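Visitor: Just need the structure, nothing else, for what follows:
(chains A and B)
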Amino acid sequence: MNLKFLGAEDFWCGALLIAIAAFFLVAGSDLAVGTALRMGPGYAPRVLAAFVGIAGICLSARSLLTEGPRLRAMPLRPLVFVLGAVAVFALLLDRVGLVFTTFAVVAVASAGIAGRRMGETLGLAAAVAAISALVFVYGLKLNIPLWPSL
Amino acid sequence: MTEIFSNLAMGFSVALAPSNLMFALAGCLVGTLIGVLPGLGPVATMAMLLPLTFYAPPEGALIMLAGIYYGAQYGGSTTAILVNLPGESSSAVTCIDGYQMARQGRAGSALAIAALGSFFAGTVATVLIALFAPGLSQVGLAFQPADYFSLMVLGLVGAMVLAHGSLIKAFAMVALGLLLGLIGTDVNTGVQRFAFGIPDLSDGIDFVPLAMGIFGLSEIIMNLSRHEDERTVLASTVSRLWPSRSDFARAWPATLRGTALGSVLGILPGGGALLSSFAAYTLEKKLSKHPQEFGRGAVEGVAGPESANNAGAQTSFIPMLTLGIPSNVIMAMLIGAMTMQGIAPGPQVMTERPQLFWGMIASMWVGNLMLVVINLPLIGIWIKLLSVPYRLLYPAIVVFCAIGVYSVHNSTFDVGMTAFIGLVGYALIRVGCEPAPLALGFVLGPMMEENLRRAMLLSRGDPMIFLSRPISLSLLIVAVLLLATLVLPSLRSRRETVFQE
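Guide: From the prediction side, this is the model:
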């Protein structure tokens, strides 16, 4: 069997869409559907999830039959460290306050590019923390904890 | 006619109030800044500043956000011409000939033509808005749920047709966006949908985390995934900031055409700055007597798209201001801001809050004037900013994004949600899907369901209501025509060429 389709962009797009559609269909299976006149809460979600799923099936099927664009290699490093930095923010902010969180976030985010220097990263973190504190907390008076709650 | 003058006069009195001038200046400066810096776009920036607008009066908030949008168009052209990097996606076309002009020592001319062309387009667009908006609002007042539904369908079809690439993928994105918009409490029945018992999800996903994750974070990741090319800034060649005579002679007809094209395309659902600039470039190339010059410094390749993108950016306000329907994601952000201020967007805004309506329109012209004044002399500063390495910029951007999302509801859950959406969004972009139709579907989803339900109730379950009402019927016909452009092979190849740079 020709396994070329495994490299096809459309195949994986279809697979992803089918997975998403299945997720919503299962998660919404307990919602009342109702009729067209009296639409229940589950009516629109079911129809929309079906659309997504059908689109996914069409795409995957098409990739099996015709040549499409190939899936390009995806470097993992930026993805992991940028999203990781945001997650770190979410986890730390309420616990250690903005200043320490900023240091952690800048450190994690900077790891998204290879070959950065420790001193530079620390300096950047300090600058960003200072700017954030000045602009967002003192300047715009947003309610963000700066330091850990003791 | 005189009514328009008195309305505009009132608008200018609002726009020229000192506080609103400050808001406009802030918006234009921030907009130019992010337009110059690649890797940060108006959507992400507006998402960041959206929470702050809550503390400002509605006129100031909208004026500032609008300033960011068209300011970014101005800023993006600077980077495009000097560094061959589109600071803003709609400036991508300007890179082609603008950078070549810079390499030939005509950078000053290119920059001046871009700025002046944009200002002209902005002025014309402001006049057009003032002329047509009231009429459109009147029409909007006659809309019933079925008409609103069809209008939104048209908007989504527009987003699908005008997206790059595969129609199936765009369709899936629209459907997914609609679906994501339904997460939360169903207004009609009070039932929780897809909330999984998480209290933070009971109001659904907020627009800010979605926009930030799918546009902001994924853009940063994409930028990092591409290896940074050598950025040679041609600062030394910016001598005369004024167009040469020959450049000017060839540029001004292109400016006129670009303005006209952009004004029309901006109103279309799914339209705006990006589509207008691409279309204008294609038009100029087709009409030119020297098509081989395109790509080698043809001044029409700068004048046309630059005017078009500014005209398109401003006329895309029309459906939002008059009917309350976002024709693109940027407008959706403005609607978000209005809703935060407690203003329900729709045709009644013009009559209930005329100062807001006309003040916004007038301030767009004021903003354009500010941008010409800012951009031309301050070019040196913008150039210096471009030399800051991206590896220092992007962690700061990540922090600011996170703070912005957090500050909307003081919720770390929202920030975590942003990361998750960034992951899914990036995966979708990697497999060739576009995020814009998803965002549009997300904003329109709940509204569409609401209007569909009401329409069915009014018609007692008869689906023919969408075809029997004239407004609804004509909107659906336009939608079908738009779809037809994809099916008919002759028009299909034209669409391909529009999207090939």
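Visitor: which residues touch residue 146?
Guide: Assuming you mean chain A. A:Gly97, A:Leu98, A:Val99, A:Ala133, A:Val137 (CB atoms under 8 Å, 6 or more residues apart in numbering or on different chains). To be clear about C-beta, it is placed using only N, CA and C from the backbone, and glycine gets the same treatment.
Visitor: Chain B was what I was after
Guide: Neighbouring residues of B:Ala146 by CB under 8 Å, 6+ apart: B:Asn451, B:Ala455, B:Leu458, B:Ser459, B:Ile465, B:Phe466, B:Arg469, B:Ser472.
Visitor: Pull up the residues of the stretch 201-350 of chain B that are close to chain A.
Guide: Applying CB under 8 Å from any CB of the partner chain, we find that the stretch 201-350 of chain B lies next to chain A at B:Leu217, B:Ile220, B:Ile221, B:Leu224, B:Ser225.
Visitor: and the fourth one, helix, strand or coil?
Guide: At B:Leu224, secondary structure determined by DSSP: H, G, I helix; E, B strand; the rest coil is helix.
Visitor: count of residues packed around the nearest residue to it once chain neighbours are set aside?
Guide: Leaving aside its chain neighbours, B:Leu224 sits nearest to A:Pro78 (3.6 Å; criterion: CB to CB, 6 or more residues apart in numbering or on different chains). The local packing of A:Pro78 (other CB atoms under 10 Å in any protein chain shown) involves 22 other residues.
Visitor: element containing A:Pro78?
Guide: helix A:76-110 (DSSP states H and E).
Visitor: for A:Ser63, same thing?
Guide: Residue-wise, A:Ser63 maps onto helix A:43-65 under DSSP H and E.
Visitor: ok, is that helix in contact with chain B or not?
Guide: Yes: using CB under 8 Å from any CB, helix A:43-65 reaches chain B at A:Ala44, A:Pro45, A:Leu48, A:Ala49, A:Phe51, A:Val52, A:Ala55, A:Gly56, A:Cys58, A:Leu59.
Visitor: Alpha carbons only: can I get that helix in PDB?
Guide: What follows is helix A:43-65 as a C-alpha-only set of coordinates in PDB (Å, rounded to 0.1, in the frame of the first residue of the first chain):
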ATOM      1  CA  TYR A  43     -29.200  21.200  17.700                       C
ATOM      2  CA  ALA A  44     -26.700  23.700  16.400                       C
ATOM      3  CA  PRO A  45     -23.600  22.000  18.000                       C
ATOM      4  CA  ARG A  46     -24.500  18.600  16.500                       C
ATOM      5  CA  VAL A  47     -25.000  20.100  13.000                       C
ATOM      6  CA  LEU A  48     -21.800  22.100  13.200                       C
ATOM      7  CA  ALA A  49     -19.700  19.300  14.600                       C
ATOM      8  CA  ALA A  50     -21.100  17.200  11.700                       C
ATOM      9  CA  PHE A  51     -19.900  19.800   9.200                       C
ATOM     10  CA  VAL A  52     -16.500  19.800  10.700                       C
ATOM     11  CA  GLY A  53     -16.300  16.000  10.600                       C
ATOM     12  CA  ILE A  54     -17.500  15.800   7.100                       C
ATOM     13  CA  ALA A  55     -15.000  18.400   6.000                       C
ATOM     14  CA  GLY A  56     -12.300  16.300   7.700                       C
ATOM     15  CA  ILE A  57     -13.400  13.100   6.000                       C
ATOM     16  CA  CYS A  58     -13.400  14.800   2.600                       C
ATOM     17  CA  LEU A  59      -9.900  16.200   3.200                       C
ATOM     18  CA  SER A  60      -8.500  12.900   4.300                       C
ATOM     19  CA  ALA A  61     -10.100  11.000   1.500                       C
ATOM     20  CA  ARG A  62      -8.800  13.500  -1.000                       C
ATOM     21  CA  SER A  63      -5.300  13.100   0.300                       C
ATOM     22  CA  LEU A  64      -5.500   9.400  -0.300                       C
ATOM     23  CA  LEU A  65      -6.500   9.900  -3.900                       C
END
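Visitor: what's next to that helix, contact-wise?
Guide: By CB under 8 Å, 6+ apart, helix A:43-65 touches A:5, A:8-11, A:13-22, A:24-25, A:28, A:31, A:33-34, A:36, A:68, B:166, B:168-169, B:171-172, B:175-176, B:178-179, B:182, B:193-194, B:449, B:452.
Visitor: What about chain B, which residue is the most distant from its middle?
Guide: Ranking residues of chain B by C-alpha distance from their mean position (CA atoms, centre = their mean) puts B:Arg460 at the top, at 38.2 Å.
Visitor: can you confirm that one is in a strand?
Guide: No: assigned with three-state DSSP, B:Arg460 falls outside any strand and is coil.
Visitor: Grab the nearest non-local neighbour of B:Ile205.
Guide: That would be B:Ile183: by CB to CB, 6+ apart, it lies 5.6 Å from B:Ile205.
Visitor: tally of neighbours for the one you found?
Guide: Neighbours around B:Ile183, by other CB under 10 Å: 22.
Visitor: List the residues that contact it.
Guide: B:Arg193, B:Phe194, B:Ala195, B:Leu201, B:Gly204, B:Ile205.
Visitor: Kindly recompute the last result at 10 Å.
Guide: By CB atoms under 10 Å, 6 or more residues apart in numbering or on different chains, the contact list for B:Ile183 reads A:24, A:27, A:45, B:192-196, B:201-205, B:442, B:445-446.
Visitor: quick one: the most centrally placed residue in chain B from chain A, how far?
Guide: The centre of chain B sits closest to B:Ile330, judged by CA atoms, centre = their mean, with a distance of 4.3 Å. According to CB to the nearest CB, to the nearest Å, B:Ile330 stands 23 Å off from chain A.
Visitor: And for that residue, nearest residue in space, chain neighbours not counted?
Guide: B:Tyr69 (5.3 Å).
Visitor: how about the one you found, what does it touch?
Guide: For B:Tyr69, the contacting residues are B:27, B:31, B:35, B:42-43, B:45-46, B:88, B:272-273, B:313-314, B:316-317, B:330-331, B:333-334, B:364, B:367, by CB under 10 Å, 6+ apart.
Visitor: what does B:Gly177 give?
Guide: Neighbours of B:Gly177 in contact, by CB under 10 Å, 6+ apart: A:48, B:156, B:159, B:210, B:214, B:435-445.
Visitor: ok, now with 7 Å
Guide: Counting by CB atoms under 7 Å, 6 or more residues apart in numbering or on different chains, B:Gly177 touches B:Pro437, B:Leu438, B:Ala439, B:Leu440, B:Gly441, B:Phe442, B:Gly445.
Visitor: Just the buried residues from the contacts of B:Tyr69, in ChimeraX please.
Guide: Remark: buried members of the contacts of B:Tyr69, expressed as a ChimeraX selection using 16 or more other CB atoms under 10 Å in any protein chain shown:
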select /B:27,31,35,42,43,45,46,88,272,273,313,314,316,317,330,331,333,334,364,367
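Visitor: Counting neighbours, what do you get for residue 9?
Guide: You didn't pick a chain, so chain A it is. A total of 20 residues lie near A:Glu9 under the criterion other CB under 10 Å.
Visitor: switch to chain B, that's the one I care about
Guide: 12.
Visitor: Please apply the same query to the one 3 residues further on.
Guide: Here the neighbour count serves as a burial measure; for B:Phe12 (other CB under 10 Å) it reads 17.
Visitor: Ok, A:Gly40 next?
Guide: 17.
Visitor: Now the residue nearest to it when sequence neighbours are not counted. Its backbone dihedrals?
Guide: Excluding its sequence neighbours, the residue lying closest to A:Gly40 (CB to CB, 6+ apart) is A:Gly34, at 2.9 Å. Geometry field for A:Gly34 lists phi and psi as phi 70, psi -160, criterion degrees, to the nearest 10.
Visitor: Who does A:Gly34 form a beta bridge with?
Guide: Beta bridges link A:Gly34 to A:Met39 when assigned by DSSP bridges.
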